[in-house]
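A.B. asks: give the three-dimensional model of this entry:
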Amino acid sequence: MIGTHSNCSGGITPWNTFLTCEENYDSFYGETEYDEENTPNHRPSIYGWENFYNYPSEHYGWVVEIDPKDGKAQKHIALGRFAHECCTLYELEDKRVVAYTGDDKNNEHLYKFISSESRSLKEGTLYVADIDNGKWLALDWENQPLLKKKFKDQTEVLIRAREAAKLLGATELNRPEDIEIAPITGNVLISLTNNYSKEDFHGSILKIEEDDGAFDALTFKASTYKAGGEESGFSCPDNLAFDQAGNLWITSDMSGSVMNKEAGPYMPFKNNSLFVIPRYGEDAGKVIRVASAPRDAELTGPWFSPDGKTLFLSVQHPGEQTTDLDQPTSQWPFDGDNVPKPAVVAITGDLIEKFNVLNQLEA
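C.D. replies: As a prediction, the model looks like this:
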């Protein structure tokens, strides 16, 4: 396996192991690309790690399952290879597992894996979303003539999942990142962060309604749950989380290179932030800003304690645009040495309890 790399979000399995997702591996090891004659060529990475470590790029770009009891890890080939932002699971009544995962890159795709065995991610069928027609397209070499013509076997289809998805006509999306399943409605929400190449600067949240509410359905309805922009009050949605009452919490991912620029589209939003969309009450459906990130930082990984009284957040790379160490753009967390530091914070208080407890009672 040669370790795991470029890990982003993940998930927890019903059998109490955890998943971590390899995301932007190509920045470190490059990528193998194929020409019209199917001849492989290496696209160099940004950081050039392949010049020092002879690790093929194909070793990365997978969902990795880790058993916390013994530390054993396994990369799940059946879930496909791309820049996984997350892996969100749903267990069916027969204990088979459905896994949703997005490819966090411009013009890439949304995927769904349906296992063929109970409580296992080793075998099953990987699908990619045709949003325009509401269909899950099987990345199945045996039953897809187009894939048989291009690839030599199913393993190659999974390694080159991006190519296979495009060959079948999957819908290109604007950086599909986090995916969460609404605990009350069962709708699947996907954050589409942005896509400068298509002039989608503010992104949106996509809603998937599986037909008949069946997570192993092969047809669905798709719509925009909430579009980013000045009117809605948020931009570049990234991580999502639902609290116990079904309110949706969102963190944003505006790049440090574009935030707070007078001439840019992000000036009205200032820093990245934490938002909530209440499900109940007079503010239902409104986007409410709850917390602002430090300068040049991003808030990630919102997660509630089991009692719903504490919200945990990671604060990533505060002051990342600093060019002079004596004058950092941020000094957060202001602990005396003026050096900005990433950290995990816990938010408690009446607001968190109100959303998790009172709204739940109102339902």
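
A.B. asks: quick one, strands of the stretch 251-363 of the chain?
C.D. replies: 273-277, 288-292, 298-304, 310-316, 343-348 (DSSP state E, counting those that start in this stretch).

A.B. asks: how about JSON lines for those, with mean pLDDT added?
C.D. replies: Below are these laid out as JSON lines (pLDDT from 0 to 100):
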{"stretch": "strand 273-277", "mean pLDDT": "97"}
{"stretch": "strand 288-292", "mean pLDDT": "96"}
{"stretch": "strand 298-304", "mean pLDDT": "95"}
{"stretch": "strand 310-316", "mean pLDDT": "96"}
{"stretch": "strand 343-348", "mean pLDDT": "95"}
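
A.B. asks: can you tell which of the ones you listed is closest to G10?
C.D. replies: Nearest to G10 among the strands of the stretch 251-363 of the chain is strand 298-304 (10.0 Å), distances taken as C-beta to C-beta. (C-beta placed from N, C-alpha, C; glycine too.)

A.B. asks: can you show me the CA trace of the closest one as CSV?
C.D. replies: This file holds the C-alpha atoms of strand 298-304, laid out as CSV (Å, rounded to 0.1, in the frame of the first residue of the first chain):
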residue,chain,number,x,y,z
GLU,A,298,-10.9,27.7,6.8
LEU,A,299,-13.3,26.1,9.2
THR,A,300,-13.7,22.3,8.5
GLY,A,301,-15.1,19.1,9.9
PRO,A,302,-18.1,20.2,11.9
TRP,A,303,-19.1,17.4,14.3
PHE,A,304,-21.6,17.3,17.2
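
A.B. asks: quick revisit: indicate which one of the strands of the stretch 251-363 of the chain is closest to N260.
C.D. replies: Minimum separation from N260 across the strands of the stretch 251-363 of the chain (C-beta to C-beta) falls at strand 288-292, 11.7 Å.

A.B. asks: now do stretch 103-111, average pLDDT.
C.D. replies: Across stretch 103-111, the average pLDDT comes to 97.

A.B. asks: identify all contacting residues around that stretch.
C.D. replies: Here stretch 103-111 makes contact (C-beta atoms under 8 Å, 6 or more residues apart in numbering) with 8, 23-24, 79-80, 82-85, 100-102, 126-129, 131, 161-162, 165, 170-177, 179, 190, 193, 195-198, 206, 208.

A.B. asks: just the residues you listed: which are in helices?
C.D. replies: A161, R162, A165 (DSSP state H).

A.B. asks: with distance to L146 and mean neighbour count added, can I get the strands of the stretch 251-363 of the chain in a markdown table?
C.D. replies: Converted to a markdown table, these look like this (distance: least, C-beta to C-beta, whole Å; neighbours: other C-beta atoms under 10 Å):
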| stretch | distance to L146 | mean neighbour count |
| --- | --- | --- |
| strand 273-277 | 40 | 21 |
| strand 288-292 | 46 | 16 |
| strand 298-304 | 37 | 21 |
| strand 310-316 | 40 | 19 |
| strand 343-348 | 46 | 13 |
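
A.B. asks: out of these, which is closest to N54?
C.D. replies: strand 310-316 (30.6 Å).

A.B. asks: and the angle from the closest one to strand 288-292?
C.D. replies: Counting by axes from the mean of the first three to the mean of the last three C-alpha atoms, to 10 degrees, strand 310-316 lies at 60 degrees to strand 288-292.

A.B. asks: domains of this structure?
C.D. replies: If you go by automatic domain parsing, the domain ranges for the chain are 1-25+60-181+205-227, 228-363.

A.B. asks: ok, back up a step: turn the ones in helices among the contacts of stretch 103-111 into TSV, including distance to V63.
C.D. replies: What follows is the ones in helices among the contacts of stretch 103-111, written out as TSV (distance: C-beta to C-beta, whole Å):
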residue	distance to V63
A161	12
R162	15
A165	16
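
A.B. asks: who wins on neighbours among the residues you listed?
C.D. replies: A165 (27 neighbours; other C-beta atoms under 10 Å).

A.B. asks: wait, doesn't N338 sit right on Q331?
C.D. replies: Yes - with contact defined as C-beta atoms under 8 Å, N338 reaches Q331; the gap is 4.8 Å.

A.B. asks: those two: who's more crowded?
C.D. replies: Per other C-beta under 10 Å, whichever of N338 and Q331 has more neighbours is Q331, with 18 against 13.

A.B. asks: and that one, what's its pLDDT?
C.D. replies: Q331 is assigned a pLDDT of 92 by the prediction.

A.B. asks: state the phi and psi torsions of it.
C.D. replies: Main-chain dihedrals, Q331, degrees, to the nearest 10: phi -120, psi 10.

A.B. asks: for the ones in helices among the contacts of stretch 103-111, which one is nearest P306?
C.D. replies: Proximity of the ones in helices among the contacts of stretch 103-111 to P306 (C-beta to C-beta) peaks at A161, which lies at 35.3 Å.

A.B. asks: ok so, going back, narrow the contacts of stretch 103-111 to those that are buried.
C.D. replies: Neighbour counting over the contacts of stretch 103-111 (16 or more other C-beta atoms under 10 Å) leaves 8, 23-24, 79-80, 82-85, 100-102, 126-129, 131, 161-162, 165, 170-171, 173-177, 179, 190, 193, 195, 206, 208 as the buried ones.

A.B. asks: if I look at S57, how far off is H76?
C.D. replies: Distance, S57 to H76, by C-beta to C-beta, to the nearest Å: 18 Å.

A.B. asks: ditto for D26
C.D. replies: 19 Å.
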